[in-house]
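**Q** Show me how the following folds:
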Amino acid sequence: MERVQIAEDLSFSRIVHGLWRLNEWEYSKEDTLSLIEHNLSQGITTFDHADIYGSYTCEGLFGNALELKPSLRNQMEIVTKCGIVLPSENRPEHRSHHYNTSKEHILKSVETSLHNLKTDYIDLLLIHRPDPFMDPKQVSEAFIELKQEGKVRHFGVSNFKDHQWDLLQSHLPFSLVTNQIELSAYHLENFEDGTLNRCQQHGIPPMAWSPLAGGKVFNGEDDKSVRLRDTLHQIKEQTGARSIDQIMYAWLLQHPSKIMPIVGSGKKERIDRAVESLELSLSHDQWFEILQSSMGHDVP
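**A** Take a look at the predicted model:
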């Protein structure tokens, strides 16, 4: 599989597997291990987590599976996030939903993630959401300490706009390496507001969450969903793709910014379809047909 260079000493698989629903799949440790091995066999080596996923359970479920075959750790890259605080029966000390990017919270979150994931290092740590109360000096101190201790190799952000990125980057002695943002043929905000342009400007490959728009395009009845679905079906027939989800992946993959879609399914056949989309080629006309059907009007 094609790989994307994130940093001088770190590359990701072009397709990333997302584990945010792992707790909903009701997999045994053995089932989860089988899924991990299947991904690796398809060239998917990058796995995306967050401390809060599954009400703070998904990292542990993944780690329990990885513990059955620890040698697989050397064949993968693990991404996780911190900074969101959620009330949960698994975190009874949490009183409210808020953000916390204090040095103390980041360090504690990473220690917990390392324990849950059954690993002694994280390849990439992201701040999960922009925090209006963020002290960039504290984030910087936490990042520097984690890097010096070898607990985290590289750092990035998720859902940050340009000014938020610039604020944090200005306090760091090393570069942030990615911004994980919502990108899909349905959700165009980060195409339109300059966020994706900033990634290209600085050579920062973005990760795309919800690349299938949460399934909205498949069954939504709003005008945009219907309009876009019709166009995707037309292009599916033109290209010989197996399904419109492959067209949605291909649309992102062909963008010159080296977008890395996060596939959040636990079904091997759906993961395989995403991998197959790497072989699809959309014409320039087809790419813009999808864009314009999403916008609901012609380009200016």
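**Q** Tell me how many other residues crowd Asp272.
**A** 16 (other CB atoms under 10 Å). (Each C-beta comes from the backbone N, C-alpha and C, glycine too.)
**Q** is it true that it lies in a helix?
**A** Yes. Under DSSP: H, G, I helix; E, B strand; the rest coil, Asp272 falls within a helix.
**Q** list the contacts for the closest residue to it other than its chain neighbours?
**A** Spatial nearest neighbour of Asp272, chain neighbours left out: Gln42 (6.6 Å); criterion: CB to CB, 6 or more residues apart in numbering. Gln42 makes contact with Met1, Ile271, Asp272, Val275, according to CB atoms under 8 Å, 6 or more residues apart in numbering.
**Q** Relative to Leu232, how far out is Ser294?
**A** 10 Å (CB to CB, to the nearest Å).
**Q** quick revisit: just the pLDDT at the residue nearest to Asp272, thanks.
**A** Note on Gln42: pLDDT of 98.
**Q** roughly how far apart are it and Glu77?
**A** 15 Å.
**Q** Leu253 now?
**A** 19 Å.
**Q** Stretch 161-179: which residues count as buried?
**A** Lys161, Gln164, Trp165, Leu168, Gln169, Leu176, Val177, Thr178, Asn179 (16 or more other CB atoms under 10 Å).
**Q** Could you check how far the first one is from Asp9?
**A** To tie it back to what came earlier, the one meant is Lys161. 28 Å.
**Q** repeat for the second one
**A** In this structure, Gln164 and Asp9 are 26 Å apart, going by CB to CB.
**Q** Following element in sequence after the lowest-mean-pLDDT helix or strand in the chain, please.
**A** The helix or strand of the chain with the poorest confidence is helix 216-219; it has a mean of 93 (mean pLDDT, DSSP states H and E). Counting by DSSP states H and E, the next helix or strand C-terminal to helix 216-219 is helix 223-239.
**Q** for that next one, which positions count as buried?
**A** Lys224, Ser225, Arg227, Leu228, Arg229, Thr231, Leu232, Gln234, Ile235, Lys236, Thr239.
**Q** Test my guess that Lys69 contacts Thr32.
**A** No. Look at Lys69 against Thr32 with CB atoms under 8 Å: they stay out of range, at 10.9 Å.
**Q** Please say which of the two ends up with more neighbours.
**A** The neighbour count for Lys69 versus Thr32, taken as other CB under 10 Å, is higher for Thr32 (21 against 11).
**Q** in which helix or strand would I find the more buried one?
**A** Counting by DSSP H and E, Thr32 is part of helix 29-41.
**Q** just to revisit the earlier point, what is in contact with Ser294 and Leu232 at once?
**A** By CB under 8 Å, 6+ apart, Ser294 and Leu232 have these common neighbours: Ala185.
**Q** and the gap between Asn179 and Leu125?
**A** Applying CB to CB to Asn179 and Leu125 gives a distance of 13 Å.
**Q** joint contacts of the two?
**A** What both Asn179 and Leu125 touch, as defined by CB under 8 Å, 6+ apart, is the set Gly156.
**Q** ok, now which ones touch Gln234?
**A** Glu289.
**Q** try it again with 10 Å
**A** Gln234 is in contact with Ile244, Ile247, Gln286, Glu289, Ile290, Ser293, counting by CB atoms under 10 Å, 6 or more residues apart in numbering.
**Q** The fourth one and Asp222, how far apart?
**A** In this structure, Glu289 lies at 19 Å from Asp222, with CB to CB as the measure.
**Q** Looking at those two, which is more packed in?
**A** Ranked by neighbour count (other CB under 10 Å), Glu289 and Asp222 place Glu289 first, with 17 against 10.
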